[in-house]
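>>> how does the following fold in three dimensions:
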Amino acid sequence: MRSYNFRMEKILDYRQKIEKDVSVRFAEAAHRLERQKKKLDTIHREYEKASSDRHGDVPSMQMQFLYKEKLRSQYLEQEKKIEETAEELEDIRKDLLEATKDRKIMERLKEKDRDRFETERKNQQQKELDEIAVLKHQGT
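Model (predicted):
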């Protein structure tokens, strides 16, 4: 009897590739989000350091004020980037769940198809054995 061949193997392969690609995108976005959070933390520490230094003459204090304003602006901008990346990550997570679901559907189809094939093969083998037994019984 012929060997098992899943008719929709190419579709399963395609869905596995999609899942892998989306998984890579998810990992990249998660890594990007972590880097952005670290950058936000660095800006925050710089701001705290600049706020604790309160000595010097008026021009130094003006420069310090401008520097703190720049850091505050960078902090707000970085928070916005983090929010956007977090939203992107959530969208990719949804895509990944969908891709995983699609792949699992195809794998279940393949499993059911293989089970059906194996059942048919066993039935065919049993039928052949029964025929051999009948022929032997008739021959004696």
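>>> point out where the protein drops to low pLDDT.
Within the chain, the stretches falling below the threshold (pLDDT under 70) are 1, 140.
>>> tell me where it has strands.
Counting by DSSP state E, no segments of the chain form strands.
>>> point to the residue nearest the middle of it.
The geometric centre of the chain, computed from its C-alpha atoms, lies nearest to residue 23 (C-alpha atoms, centre = their mean), at 2.7 Å.
>>> do you know how far it is from residue 66?
45 Å (C-beta to C-beta, to the nearest Å). (Each C-beta comes from the backbone N, C-alpha and C, glycine too.)
>>> likewise residue 116?
Taking C-beta to C-beta, one finds residue 116 at 75 Å from residue 66.
>>> and residue 103, how far is that from residue 97?
Distance of residue 103 to residue 97, given as C-beta to C-beta: 11 Å.
>>> neighbour count winner among these two?
Just comparing residue 103 and residue 97: by other C-beta atoms under 10 Å the higher neighbour count belongs to residue 103, 20 against 12.
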